[in-house]
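Asks: build the 3D model from these lines:
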Amino acid sequence: MADIASLLQASLQPATRKQAEQQLQQLTPQQGFLLHLLRLILHKTQDRSIRLAGGIYLKNIAKLRWEEDVAPLSEQDKATIRSELVPAMIALSDPTEKSIRAQIAESVSLIAELDFPAKWSNLIDQLVVSLSETDYNVNIGVLETAHSIFRQWRPQVRSDALFTEINFVISRFMDSFLHLFRQTATIIFSPPRPSNLDLVTQAQILLAEIFYDFTCQDLPPAIEDSHDEFFAPDFGWFHRFLTWDPPELRGDPDDASPSLPARLKTVIFEIAELYIKLYPDQLARSPAIETFVQGVWGLVGNNKLPNVANDQLVSQALRFVSSAIRSGFYKSLFSSKEIIDILLQGVVVPNVGLRDHEMEQFEDDPLEFIRLDLALPSGSGGAGSAEVSTRRQAAADVLQALVGSGYQTEATEIVGSWISTGLQQYNTDPAQNWKSKDSAVYLLTAIATETSTAKLGVTSINAQVDVVKFFSDHVFQDLQAAQGTVHPILQVDAIRFLLTFRNQLTKEQLLSVLPLLINHLKSDNYVAYTYAAITIDRILSIKKGSQLMFSQTDVHDFAADLLGAILAKIEGAGTPEKVAENDHLMKCAMRIIITARQTLTPVYQQVLQRLVAILGVISKNPSNPNFDQYIFESISALMRFVVHGTSSTLPTFEQTLFGPSTFILQQDIDQYIPYVFQILAQMLDLHTTGVPTEYRTLLPFLLVPAPWQQKGNIPGLVKLLTAFLARDADEMVANNQIVPVLAIVQQRLIPSKINDAWGFELLQGVMLYVPPAYLRQYFKVLFMTLLTRLQTSKTDKFVYHFSHFLLFTVAINVEGLGPNYVISTVEEIQPQLWSQILTTFVIPQVLKMPHKDRKVAAIGLTRMLTESQLMLTEPAARHWPSAFAALVKLFNEPQYLTKTATEDANVATGLTNIDYEEQTAGYQAAYSRLAAAEGATVDPVAYVKDPKEFLGRALSRTRVGALIAACDPGIVQPFVQSLAAEGFVIQ
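Replies: Sure thing, here's the model as predicted:
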């Protein structure tokens with residue numbers, strides 16, 4: 001334990017980081033480690049960087065290891081830490097400890113998410129007792145922690161468990177919360193202003209956030225009873241805060257960070273918006289919303305808050321107006337053309353124009369410009385986690401609210417005049433007045449959009465706007481213009497217009513503009529070529545019904561050149577960090593490969609070499625998980641489609657990829673190792689028989705504990721081992737390599753709640769491919785491992801996988817395997833144990849099986865009921881009727897028991913879910929799945945074409961008439977009669 005500080009220090013140095021982290025991970029489960037770590041964090045004489053590293057490590061333990069099944073944390077240690085965390089956070093109340101306190105607060109939040117209230121029932125009491133009448137440093141720490149716990153309620157679906165927790169908190173926290181809210185607000189408004197006004201205001205912001213937390217699901221009675229205290233137009237706290245702006249808290253006009261009063265007002269508008277959506281009846285008690293709308297006019301009308309620091313406040317104020325319009329409760333506020341005119345002129349139009357800092361961002365930080373312009377997620381968010389993040393988007397949202405709420409005629413007419421004026425100003429002097437056209441195009445986009453989604457673009461348009469005509473008359477010329485002849489932002493506007501309204505254009509129109517987008521890929525302007533890549537990706541992703549609009553035939557003539565242009569942009573970025581920063585380009589490359597498929601076969605070697613070279617550059621410093629996902633997906637998809645069309649290309653892929661894969665494994669580049677295992681599994685799967693020597697040399701490495709320590713590796717390792725089993729099981733038996741596989745299942749996978757599903761997947765491979773006679777000596781012990789897990793830590797997921805595994809093992813057509821193999825093993829463990837398992841687990845799970853597993857369940861039950869002598873004799877036979885009734889119920893939905901022609905066609909063409917992904921491909925900490933490496937789903941019971949016929953034949957050759965007679969006739973008789981009608985004689 002004395003080494004913790006030195007290990008944390010070493011973890012901060014690149015040369016020693018990995019070794020130090022491994023040693024810390026080995027120490028973590030030891031008794032007393034967590035308390036030692038917490039005390040080190042609190043030890044103020046210790047080096048600050050070590051203390052902060054300790055805080056981050058503690059947070060990561062709470063995030064990643066708190067419920068670890070393998071090498072678990074001591075329950076005693078966890079209880080000790082729960083009792084110590086809140087006092088620790090109070091001890092770090094000094095402002096100089098803010099960064100370390102934030103890690104402790106986050107740890108509290110993460111642990112509370114798992115343990116509160118069941119294992120941490122005194123958490124709220126600890127927080128309440130810690131609140132102070134005078135020390136606002138302490139109050140801020142307590143409120144930050146409370147908010148980090150309560151804000152998790154916001155996105156949750158309403159449930160009894162959620163409301164039980166909320167009520168538990170409110171019963172203990174509400175009185176202290178209201179007292180502190182009133183005390184803090186009174187301090188703010190009472191002269192003289194306190195010397196610690198900034199601390200008091202920070203606390204007030206957190207109190208407002210907690211007000212949102214408490215009302216995000218339902219209205220607590222104490223807050224409902226105090227409604228006027230908060231919302232009354234004259235004296236309500238919220239209205240008073242909207243006009244509160246003390247000079248000493250205004251901050252530097254050049255500072256981009258919002259002032260404390262601006263942050264407080266932003267949260268208040270978020271609360272008002274929440275009330276409009278959830279509690280309009282409460283608001284109807286007084287003219288609160290009318291006063292809020294006047295507050296918006298007073299705050300943001302005629303561009304009164306032009307500074308960047310106020311962007312979040314202005315955006316949220318406009319979102320509030322949009323919600324008020326959409327609610328339909330305040331039509332009197334927005335019904336006249338004059339009011340709409342004032343709203344558009346005073347609030348919307350001034351916030352649509354590009355501002356100087358956005359121009360600077362366009363030049364100096366183009367990726368951030370793109371992220372904000374497209375409203376892409378940043379991973380952060382306040383009370384409302386606003387969907388719109390810029391003033392332009394918020395202003396456009398007001399327009400779209402008007403269009404979608406019955407005011408489209410008035411809004412379209414008024415905005416139309418502004419659009420015409422902007423275009424006229426541009427035409428008089430294009431070089432100087434390009435901003436006028438930029439605003440006009442943005443306004444047209446907003447007023448034309450009735451509904452839209454980030455994934456699909458505009459889904460319905462304002463019928464009073466001719467989008468295609470506007471595109472032809474005013475936008476196409478900028479899309480077509482040579483670089484340098486018009487302002488680059490107008491070219492970006494043109495590309496964005498195409499991106500936004502892609503669903504309104506025909507396939508032929510889209511094909512005609514794709515060459516223009518390819519030209520923009522060659523632009524020197526970062527935003528222009530990135531927008532072109534994003535637009536190409538989205539266009540190629542368009543679906544009509546369930547089918548993609550564009551096929552490899554459509555892109556045949558230009559796919560190779562298009563992909564080459566994209567890769568050239570990526571290659572030309574320079575450093576590993578610059579190469580990997582623009583994942584939009586890599587995603588576009590992935591989309592082209594998925595669309596072009598075999599079209600790329602003539603150039604696949606060059607493409608593969610370029611992808612591997614890019615991978616070599618970024619592997620020097622992995623920095624962007626999205627880029628990593630897309631490049632490995634691109635390699636996987638290229639291999640999938642090219643080898644599917646020309647199997648002789650597989651050796652080239654192997655020769656090109658073995659070297660980089662070996663390097664990644666040897667250098668332990670942990671971000672890439674999960675992908676490497678999936679790529680290796682994909683390549684081995686493409687061998688129809690046998691295992692080449694190069695793969696066999698890798699197998700011993702897969703059978704030792706080290707690679708299984710990282711959770712993210714496990715799915716790829718399971719797929720790779722299953723591929724070995726499918727092709728080389730006899731050799732693995734000869735080399736005694738099955739025992740280590742079973743040890744992995746029993747020791748690493750089945751005991752883990754996170755990885756147990758992968759354990760069952762590997763077990764299915766074992767049952768399919770390892771000779772049953774050889775496996776019998778291990779099967780009883782293996783089954784006892786499953787039963788132990790059922791007894792010690794049963795979960796719904798485990799029960800499903802356990803039941804499915806039994807049915808799978810009985811159903812598959814493997815010589816020497818069958819119902820008696822499984823049932824006799826179970827009975828050896830304990831007589832009549834099979835009957836308990838059947839009635840307690842298997843039968844109840846049958847009808848819960850996902851549709852994809854129902855054929856396996858049907859065949860497994862059929863064989864169990866007709867091929868096992870034990871099932872046909874007492875005492876097990878008494879459960880035969882209930883099992884048969886469950887089987888009959890499966891046949892009530894016969895469409896899930898056979899494959900459709902469409903599914904067969906999809907398998908034939910190598911179609912996978914990746915074709916339909918839009919923004920789901922991305923880094924996941926636990927497992928970064930390669931969709932292209934998945935391959936077509938194999939039917940483990942393909943030997944049965946018609947499950948009903950299979951059942952009819954099985955029943956005909958087994959004397960089960962008496963057992964069927966004991967079944968519930970209402971369930972089984974119509975089915976049995978249908979079998980008889982098809983010629984099956986059951987005796």
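Asks: for the rest of this, base every contact and every neighbour count on C-alpha atoms.
Replies: OK.
Asks: tell me how many other residues crowd residue 857.
Replies: Here the count is done by other C-alpha atoms under 10 Å, and residue 857 has 27 residues near it.
Asks: same question for the one 3 residues further on.
Replies: Neighbours of residue 860 under the rule other C-alpha under 10 Å: 24.
Asks: contacts only, for it.
Replies: 807-812 (C-alpha atoms under 8 Å, 6 or more residues apart in numbering).
Asks: go again using 7 Å as the cut-off
Replies: By C-alpha atoms under 7 Å, 6 or more residues apart in numbering, the contact list for residue 860 reads 807-808, 810-811.
Asks: where's the closest residue to it other than its chain neighbours relative to residue 938, distance?
Replies: With sequence-adjacent residues excluded and distances taken as C-alpha to C-alpha, 6 or more residues apart in numbering, residue 860 is closest to residue 811, at 4.0 Å. Noted for residue 811: a distance of 14 Å to residue 938, by C-alpha to C-alpha, to the nearest Å.
Asks: okay, those two: which has more neighbours?
Replies: For the pair residue 811 and residue 938, the greater number of neighbours falls to residue 811 (25 against 8), based on other C-alpha under 10 Å.
Asks: pretty sure the residue nearest to residue 860 contacts residue 855?
Replies: No - using C-alpha atoms under 7 Å as the test, residue 811 is too far from residue 855 to be in contact (9.4 Å).
Asks: next SSE downstream of the helix or strand bottoming out on mean pLDDT in the chain?
Replies: The helix or strand of the chain with the poorest confidence is helix 901-909; it has a mean of 43 (mean pLDDT, DSSP states H and E). The C-terminal neighbour of helix 901-909 among helices and strands, as given by DSSP states H and E, is helix 947-956.
Asks: and that following helix, how far out from the chain middle?
Replies: 44 Å (C-alpha atoms, centre = their mean, to the nearest Å).
Asks: for the following helix or strand past that helix, enumerate the helices and strands it packs against.
Replies: Helices and strands here follow DSSP H and E; after helix 947-956, the next one along the chain is helix 961-965. Under the contact definition 3 or more C-alpha pairs under 7 Å, 6 or more residues apart in numbering; DSSP states H and E, helix 961-965 sits against helix 880-890.
Asks: quick check: mean pLDDT of the helix it packs on?
Replies: Per-residue pLDDT over helix 880-890 has a mean of 92.
Asks: show me what that helix is packed against.
Replies: Using 3+ C-alpha pairs under 7 Å, 6+ apart, helix 880-890 sits against helix 843-846, helix 854-867, helix 961-965, helix 969-981.
Asks: quick one: mean pLDDT for the second one?
Replies: Pointing back at helix 854-867 there. Throughout helix 854-867, pLDDT has a mean value of 94.
Asks: then that helix to CSV, C-alphas only?
Replies: C-alpha atoms of helix 854-867 as CSV (Å, rounded to 0.1, in the frame of the first residue of the first chain):
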residue,chain,number,x,y,z
ARG,A,854,-37.5,-19.4,-31.3
LYS,A,855,-36.6,-22.0,-34.0
VAL,A,856,-33.8,-23.4,-31.8
ALA,A,857,-36.3,-23.5,-28.8
ALA,A,858,-38.9,-25.3,-30.9
ILE,A,859,-36.5,-27.9,-32.2
GLY,A,860,-34.9,-28.3,-28.7
LEU,A,861,-38.3,-28.9,-27.1
THR,A,862,-39.4,-31.2,-29.9
ARG,A,863,-36.3,-33.5,-29.4
MET,A,864,-36.5,-33.3,-25.6
LEU,A,865,-40.2,-34.4,-25.6
THR,A,866,-39.8,-37.2,-28.2
GLU,A,867,-36.3,-38.5,-28.0
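Asks: and that helix, how far out from the chain middle?
Replies: Relative to the centre of its chain, helix 854-867 is centred 36 Å away, using C-alpha atoms, centre = their mean.
Asks: and the last one, by the same measure?
Replies: Its chain's C-alpha centre lies 46 Å from the corresponding centre of helix 969-981 when counted by C-alpha atoms, centre = their mean.
Asks: buried set for it?
Replies: By 16 or more other C-alpha atoms under 10 Å, the buried positions in helix 969-981 come out as 972, 975-976, 979.
Asks: want to throw those into a markdown table with pLDDT and distance to residue 437?
Replies: Shown next, in a markdown table, are the buried residues of helix 969-981 (pLDDT from 0 to 100; distance: C-alpha to C-alpha, whole Å):
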| residue | pLDDT | distance to residue 437 |
| --- | --- | --- |
| 972 | 89 | 72 |
| 975 | 91 | 70 |
| 976 | 90 | 74 |
| 979 | 91 | 73 |
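Asks: out of the residues you listed, which is nearest to residue 689?
Replies: Of all the buried residues of helix 969-981, residue 689 sits closest to residue 979, with 40.4 Å by C-alpha to C-alpha.
Asks: quick one: that closest one and residue 952 touch, right?
Replies: Yes - contact criterion C-alpha under 7 Å: residue 979 and residue 952 qualify, at 6.3 Å.
Asks: so, low pLDDT: which residues of this structure?
Replies: 1-2, 376-388, 454, 894-927 (pLDDT under 70).
Asks: how far away is residue 234 from residue 324?
Replies: In this view, residue 234 and residue 324 are 20 Å apart by C-alpha to C-alpha.
Asks: who has more neighbours, those two?
Replies: Shown here are residue 234 and residue 324; by other C-alpha under 10 Å, residue 324 has more neighbours (25 against 13).
Asks: the more buried one in helix, strand or coil?
Replies: Judged by DSSP: H, G, I helix; E, B strand; the rest coil, the three-state class of residue 324 is helix.
Asks: tell me how far it lies from residue 298.
Replies: The gap separating residue 324 from residue 298 is 17 Å, by C-alpha to C-alpha.
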